[in-house]
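> Only the shape, not the letters, is given here:
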């Protein structure tokens, strides 16, 4: 049984178990959702939402509210502001988004760095999986159940609109409604993921696994399953690295996730059928 | 007499500014095929979208029996999305209703049959993006067939399509007319329009609607295409006209 | 009026007096030694970044300028650990990042559809850089304050070396604007049809990216790795909202940046916070106010083709979606 000890050591404590459970739950749903985030070219939007929700996190930390609440509020505010900023046709949307992200990051930092007892800004930026509470686990579990059900139900419309938005509307599928549903899922996923990974690194769990698999799969279903599996594996690997190398857990997970994307893009494409 | 499957009356539609098309007045019966001719920017796609219900008429009305099937230009689809030809054909069943459930076996069978009709049964499992342009067009047609719509709207189905696919498509269109469906096909092929029951000449407004013999005349074509048409010869009966082709992306 | 004077000063006067009593006197703040250095630094950076920012906005390099600043974070951590020169480390990392972006861009020349995929690669690179910096930082910094300073800048720690770097940046940007301005403008307007240019297009664009990297590095001590865009993008974008000529943009952007910097410095001194966040918040608020004013004043925009709206918005909820009639509706309309 000595062989198993190194494998089981990190999970002997309550903290370790909760960290593992949270990481696995978040990775599973975010890895799956990431396939659609990529297919709908939402990765830049996801990153802007993630960066832009910082003031929500800081305000929640200052007010003693759960971070999830702050994250949801922050996402809503960021989405609204990005929408407002992007309306003007004189400014391209990249620039407008960058303005909003800059402002929100600045506002969050201002709120966090000015007061006498600042909330631990690093934890908000880079996450802290080891601080997962029962409440966080409940939120993650809820996301997996609801988000998973939504992904299953929406699978065919999501596929149709991803392939051919124009033609799908003729089939009775409404691209706008499908995209809106996807955005809502994205917002919820980000709000849950920032607890463990922080708002600067949360993007990794959403897009890195999907980026790793994107050129290697033949169907959306397989892509989703594989991405989720890779996300979970990388998250567990990151937690192990954090435990044994004594490095920040959120950053370790993020690095492991980015590594999967790098590996996936370097591997040669599946041989094409004749 | 049964009502026409497609009917437009005083139709005008656009994207929010002045209407892109106006004064559309035509009716298409079951079993009729209509070739929609016109220059780029003349409103062919706008008309199809208006018939689909995607654009609210700015004036007049458009009526289509049931939900029409629509085959857009193939270039607009994503080629790197991991779906097979069969998967794409299967998307036609979304029109039927219960999109939140996975496809039933009968639906899969219908998709396979549709692929056979367009001659692509052999590549049912091939990724959509790996097919040739003509094959992709045929798969999109198969998707429209699965929908079992009485009205089919096709946007330049032969544009940039290889010879074998073009022949397969033309033959299929002939079969569809025989099944009592109504077809509206926008096209640049003025000569090919002769083979249709009716021709609708469109250049922001309806220039003409009627049998090919009435519409494919020098005066009508010049009004339709302006400077884009080159009329090669006109003898007693036939007119050879060449429309200058543009490929917009 | 007679009644009011009988009962004492008006309410408005009282409020103004209270406000004036609570906020610090600017002249008192000016006495603080570091304040003058910070002011000089911010003014120099405003000129460099405001001027270059005009080109960043015109040539649509916003995301790059954000990413190149943030990517320097691990380099800065290493520099702090080893005593190596921070600006040099940052410059090395940022130029390497710029080179990487150019290389990636060549592999996929100008395909609009690939835009998000390029964003994806650079976004993941950014996450990796930030995560790597965090991992290194836990060895280097005992408290969070060190990381905060690298990410958001400092009010107190600016020195002569930073001023020199900022001045050099001003000189470089001014020279480049004179030499390359017309080329950049021509490329921005119509890349393929630009005709013969004094420089090959790739080189001109590469120089632009390199210059953005240099200015970002110069801005790091004052505003931090995450907020270089507060100087580089936001003031120029605000001016751009009013669609001026390029010349006006080049003059107004640094001016706006400078005024915003002074106000932000005052705010930072008052709140005892770094100037970066103050400037970012202030400048973004001004931009959004201007954008809102424009949105309220101008008529509703004409919608683009509803079927294939430009896939430009990062959140892409097809603006003008309200015009798409529900395909479910049939019959006489």
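Everything's here; your move. Since the structure is predicted, the reported quantities are computational estimates derived from the model, not experimental observations.
> The closest residue to residue B:37 other than its chain neighbours - how many residues pack around it?
Using C-beta to C-beta, 6 or more residues apart in numbering or on different chains and skipping the chain neighbours, the partner closest in space to residue B:37 is residue B:201 (5.2 Å). In this view, the C-beta of every residue, glycine as well, is placed from N, C-alpha and C. By other C-beta atoms under 10 Å in any protein chain shown, the residues close to residue B:201 number 25.
> what do you get for the one 10 residues further on?
Neighbour count of residue B:211, defined by other C-beta under 10 Å: 12.
> Tell me which helix or strand the residue nearest to residue B:37 sits in.
For residue B:201, the host element (DSSP states H and E) is strand B:198-203.
> What of residue C:206?
Assigned by DSSP H and E, residue C:206 belongs to helix C:201-223.
> that's a strand at residue A:140, yeah?
No. Counting by DSSP: H, G, I helix; E, B strand; the rest coil, residue A:140 is not part of a strand but helix.
> Near it, how many other residues are there?
For residue A:140, the count of nearby residues is 27 (other C-beta under 10 Å).
> ok, it - contacts?
For residue A:140, the contacting residues are A:21-22, A:25-26, A:29, A:192, by C-beta atoms under 8 Å, 6 or more residues apart in numbering or on different chains.
> Keep only those of those residues that are in helices.
A:21-22, A:25-26, A:29, A:192 (DSSP state H).
> I'd like to know if the strand or helix carrying residue A:177 reaches chain B anywhere along the stretch.
Element membership for residue A:177, per DSSP H and E: helix A:175-201. No. In terms of C-beta under 8 Å from any C-beta of the partner chain, no part of helix A:175-201 sits within range of chain B; the closest distance is 10.0 Å.
> Can you lay out the ones in helices among the contacts of residue A:140 as JSON lines showing pLDDT?
As requested, the ones in helices among the contacts of residue A:140 are exported to JSON lines (pLDDT from 0 to 100):
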{"residue": "A:21", "pLDDT": "95"}
{"residue": "A:22", "pLDDT": "95"}
{"residue": "A:25", "pLDDT": "96"}
{"residue": "A:26", "pLDDT": "96"}
{"residue": "A:29", "pLDDT": "96"}
{"residue": "A:192", "pLDDT": "95"}
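> Confirm for me that the residue nearest to residue B:37 is in contact with residue B:39.
No. Residue B:201 is not in contact with residue B:39 according to C-beta atoms under 8 Å; the separation is 10.2 Å.
> Overlap in contacts, those two.
By C-beta under 8 Å, 6+ apart, the residues touching both residue B:201 and residue B:39 are residue B:224.
> for the closest residue to residue A:229 other than its chain neighbours, helix, strand, or coil?
Counting by C-beta to C-beta, 6+ apart, residue A:31 is the residue found nearest to residue A:229 once chain neighbours are left out, at 7.4 Å. With three-state DSSP as the basis, residue A:31 sits in helix.
> give me the number of residues near residue A:31?
By other C-beta under 10 Å, the residues close to residue A:31 number 31.
> residues in contact with stretch C:140-155?
Contacts for stretch C:140-155 (C-beta under 8 Å, 6+ apart): A:109, A:113, A:120-122, A:125, C:34, C:38, C:73, C:76-77, C:80-81, C:133-134, C:137, C:157, C:220-227, C:268-269, C:273-277.
> repeat that for 7 Å
Where contact means C-beta atoms under 7 Å, 6 or more residues apart in numbering or on different chains, the residues beyond stretch C:140-155 that reach it are A:109, A:113, A:120-122, C:34, C:38, C:73, C:76-77, C:80-81, C:137, C:157, C:221-227, C:268, C:274-277.
> Give me the angle between the helix of greatest length in chain C and helix C:201-223.
Identified as the longest helix of chain C according to DSSP H is helix C:160-189. With axes from the mean of the first three to the mean of the last three C-alpha atoms, to 10 degrees applied, the angle from helix C:160-189 to helix C:201-223 works out at 140 degrees.
> circling back: what lines up beside the strand holding residue B:201 in the sheet?
Sheet pairing of strand B:198-203 (DSSP bridges) gives strand B:33-37 (parallel), strand B:205-210 (antiparallel).
> Mind giving me the packing neighbours of the helix holding residue C:206?
If you count contacts as 3 or more C-beta pairs under 7 Å, 6 or more residues apart in numbering or on different chains; DSSP states H and E, helix C:201-223 packs onto helix C:33-58, helix C:62-71, helix C:86-107, helix C:160-189, helix C:229-232, helix C:275-297.
> for stretch C:239-248, what is the average pLDDT?
For stretch C:239-248, mean pLDDT rounds to 87.
> Check stretch B:178-198 too.
Mean per-residue pLDDT for stretch B:178-198: 87.
> now do the same end-to-end measure for it.
Using C-alpha to C-alpha, to the nearest Å, the end-to-end distance of stretch B:178-198 comes to 15 Å.
> contacting residues around it?
With contacts defined as C-beta under 7 Å, 6+ apart, stretch B:178-198 is touched by B:5-6, B:28-37, B:44-45, B:48, B:150-159, B:173, B:176-177, B:199, B:209-212, B:216, B:221, B:241, B:243, B:245.
> Secondary structure class of residue B:4, three-state.
Residue B:4 - assigned by three-state DSSP - is coil.
> mind checking how far the closest residue to it other than its chain neighbours is from chain C?
Leaving aside its sequence neighbours, residue B:4 sits nearest to residue B:27 (C-beta to C-beta, 6+ apart; 3.9 Å). Residue B:27 sits 14 Å away from chain C, going by C-beta to the nearest C-beta, to the nearest Å.
> so which helix or strand takes in residue B:27?
Taking DSSP H and E as the criterion, residue B:27 maps to strand B:21-28.
> Would you mark the buried spots in that strand?
Neighbour counts using 16 or more other C-beta atoms under 10 Å in any protein chain shown place B:21-22, B:24, B:26-28 of strand B:21-28 among the buried residues.
> which ones are touching residue C:221?
Shown in contact with residue C:221 (C-beta under 7 Å, 6+ apart): C:153-154, C:157-158, C:162.
> out of these, which are inside helices?
Among the contacts of residue C:221, the members found in helices (DSSP H) are residue C:162.
> what residue ranges in chain B are flagged as low confidence?
Scanning chain B for pLDDT under 70 picks out B:1, B:74-75, B:227-249.
> For it, which residues are neighbours of chain C?
B:15-17, B:49, B:52-57, B:61-64, B:76 (C-beta under 7 Å from any C-beta of the partner chain).
> that older thread, now the angle from the helix holding residue A:177 to helix C:62-71?
For helix A:175-201 against helix C:62-71, the angle between stretch directions is 20 degrees (the same axes, to 10 degrees).
> buried set for helix A:175-201?
Applying 16+ other C-beta under 10 Å to helix A:175-201 flags A:175-176, A:178-179, A:181-183, A:185-201 as buried.
> Next, count neighbours for residue A:21.
Using other C-beta under 10 Å, residue A:21 has 17 neighbouring residues.
> show me the contacts for it.
Residues near residue A:21 by C-beta under 7 Å, 6+ apart: residue A:137.
> any idea how far it is from chain B?
Shown here: residue A:21 relative to chain B, a distance of 29 Å by C-beta to the nearest C-beta.
> For residue A:38, which non-adjacent residue is spatially closest?
Closest residue to residue A:38 apart from its sequence neighbours, by C-beta to C-beta, 6+ apart: residue A:210 at 4.7 Å.
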